[in-house]
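Chemist: Sequence first, then the predicted structure:
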Amino acid sequence: MAFDGTRKSLRAWRQAGPGGFKLTHSCTLRSHGGLGLLWWSHRLRRPYTVRATWRLRGDFNSGVFVGFPASNDPQTAITRGYEVQIDATDDADSTTGAIYNVKAPNLARRDRALRKGWNTFTISVGRRIVVRLNGTVVTTFVKPERARLTGGHIGLQNHSAADTVEFRSVQVR
């Protein structure tokens, strides 16, 4: 378990850039501040699967990043990894379930699977990226650049001071 709601599980996480995440009394991580990234310091080799449970309480923006090298600069995850977007009101290739600005989700499936409360992404990373939202496959990206997926880290985005997201668990296998 990468994050299980405890301070102990946060020891392996690092903040890149401004803002960050606070551990709440209800054992969730809540984002705050500017464009940054909380990333897990354990380097992963593919194939791997990330399972992240999250919720937005408004028209906010966040994402789960995969396949980027360790860095104190959040732009590294943006330019050298892939973001699975969390923002249900954005354009098709930058909406919830999309590989941000690369591959749009199946919007009909996404709309059926998306909940108002807690949602779970299961992101499988291997020769392709498969995004499941609450158990439903919404995006399959079959042509990722090999260099970007040979391994790397996972991260949770804190998008801006105006955007709030909560995560209650992050698992990797």
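Modeler: Noted; the coordinates are in hand. Numbers count the residues shown, from 1 in each chain.
Chemist: so where is this structure shaky, pLDDT-wise?
Modeler: Counting by pLDDT under 70, the chain contains low-confidence ranges at 144-148.
Chemist: at 50 instead, please
Modeler: Confidence mapping of the chain against pLDDT under 50 gives zero matching residues.
Chemist: in it, which residue is closest to the centre?
Modeler: In the chain, the C-alpha closest to the average C-alpha coordinate belongs to residue 64, at a distance of 0.9 Å (Cα atoms, centre = their mean).
Chemist: Which of the three states applies to that one?
Modeler: Per DSSP: H, G, I helix; E, B strand; the rest coil, the secondary structure class of residue 64 is strand.
Chemist: wait, it sits on residue 156?
Modeler: Yes. Under the criterion of Cβ atoms under 8 Å, residue 64 lies in contact with residue 156, with a separation of 6.2 Å. All C-beta atoms are positioned from the backbone trio N, CA, C, and that covers glycine.
Chemist: all strands of this structure, in order?
Modeler: According to DSSP state E, the chain carries its strands in the segments 13-16, 20-23, 29-32, 36-40, 44-45, 48-56, 62-68, 82-86, 119-125, 129-133, 136-141, 151-158, 165-172.
Chemist: can you put those strands in JSON lines and add distance to residue 97?
Modeler: Supplementary listing: these in JSON lines, determined by distance: least, Cβ to Cβ, whole Å:
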{"stretch": "strand 13-16", "distance to residue 97": "24"}
{"stretch": "strand 20-23", "distance to residue 97": "22"}
{"stretch": "strand 29-32", "distance to residue 97": "19"}
{"stretch": "strand 36-40", "distance to residue 97": "19"}
{"stretch": "strand 44-45", "distance to residue 97": "21"}
{"stretch": "strand 48-56", "distance to residue 97": "12"}
{"stretch": "strand 62-68", "distance to residue 97": "10"}
{"stretch": "strand 82-86", "distance to residue 97": "7"}
{"stretch": "strand 119-125", "distance to residue 97": "8"}
{"stretch": "strand 129-133", "distance to residue 97": "5"}
{"stretch": "strand 136-141", "distance to residue 97": "4"}
{"stretch": "strand 151-158", "distance to residue 97": "15"}
{"stretch": "strand 165-172", "distance to residue 97": "15"}
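Chemist: Please consider this matter closed, and thank you.
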